[in-house]
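*Asks:* heads up, no residue letters with this:
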């Protein structure tokens with residue numbers, strides 16, 4: 001009796017799930033990609049909707065013609081020694097800028113540590129000599145930061161000039 005009851009309930013649940021999908025699957029409209037031939041030359045309805053006839057937009061051309069914006073004058077530029085050298089110069093200049101930024105960040109961290117040490121010494125009542133040394137360290141940190149900033153600016157300028165040189169060489 002229990003098995004019969006579970007089989008009947010299972011059948012009802014399965015039927016409730018399947019019946020709505022059958023009516024939706026049976027309903028097809030024209031233009032719903034049903035691939036039936038609609039003219040004497042054998043074109044499919046899907047193809048008409050794909051090309052969007054009557055407009056200048058052509059999806060197939062736009063997706064597959066990836067060479068339409070290529071500047072043919074720049075083809076093979078990586079084989080020229082001056083272009084390769086320009087790329088090397090740019091890479092080296094980027095690395096210089098990166099190392100300068102890292103160094104500048106380290107100097108700022110050192111400055112923060114020295115300021116915290118000075119505050120701690122003042123709070124703890126350190127001697128005048130100790131406070132003088134801490135202030136001297138802070139002044140030295142400011143000088144290092146100034147030097148690193150100018151060096152960073154110079155390396156950034158070098159990077160910009162290398163980029164301009166590469167751009168002008170590519171346009172030749």
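*Replies:* Now that the structure is in, tell me what you want to look at. For clarity, every value in this text was computed on a predicted model and none was experimentally measured. Numbering: from 1, shown residues only.
*Asks:* show me the shaky parts of this protein.
*Replies:* Residue ranges of the chain with pLDDT under 70: 22-78.
*Asks:* let's see it at 90
*Replies:* Along the chain, the model assigns pLDDT under 90 to residues 1-84, 126, 168-172.
*Asks:* how much space separates residue 109 from residue 102?
*Replies:* 11 Å (CB to CB, to the nearest Å). Where you see a C-beta, it was placed from the backbone N, CA and C, and this is true even at glycine.
*Asks:* for residue 153, same thing?
*Replies:* From residue 153 to residue 102 the distance is 16 Å (CB to CB).
*Asks:* how about residue 126?
*Replies:* Counting by CB to CB - residue 126 and residue 102 are separated by 32 Å.
*Asks:* more neighbours, the two?
*Replies:* Neighbours were counted for residue 126 and for residue 102 using other CB atoms under 10 Å; residue 126 has more, 16 against 11.
*Asks:* which SS state does that one fall under?
*Replies:* Recorded secondary structure, residue 126: coil (DSSP: H, G, I helix; E, B strand; the rest coil).
*Asks:* got the contact list for it?
*Replies:* Counting by CB atoms under 8 Å, 6 or more residues apart in numbering, residue 126 touches no other residue.
*Asks:* phi first, then psi, for it.
*Replies:* Dihedral angles of residue 126 (phi, psi; degrees, to the nearest 10) stand at phi -70, psi 170.
*Asks:* and the gap between it and residue 141?
*Replies:* 19 Å.
*Asks:* ok, now residue 108?
*Replies:* From residue 108 to residue 141 the distance is 8 Å (CB to CB).
*Asks:* kindly report the same for residue 92.
*Replies:* With CB to CB as the criterion, residue 92 and residue 141 are 28 Å apart.
*Asks:* looking at those two now, which is surrounded by more residues?
*Replies:* When neighbours are counted by other CB under 10 Å, residue 92 and residue 141 differ, and residue 141 comes out ahead with 19 against 14.
*Asks:* I am finished for the moment; much appreciated.
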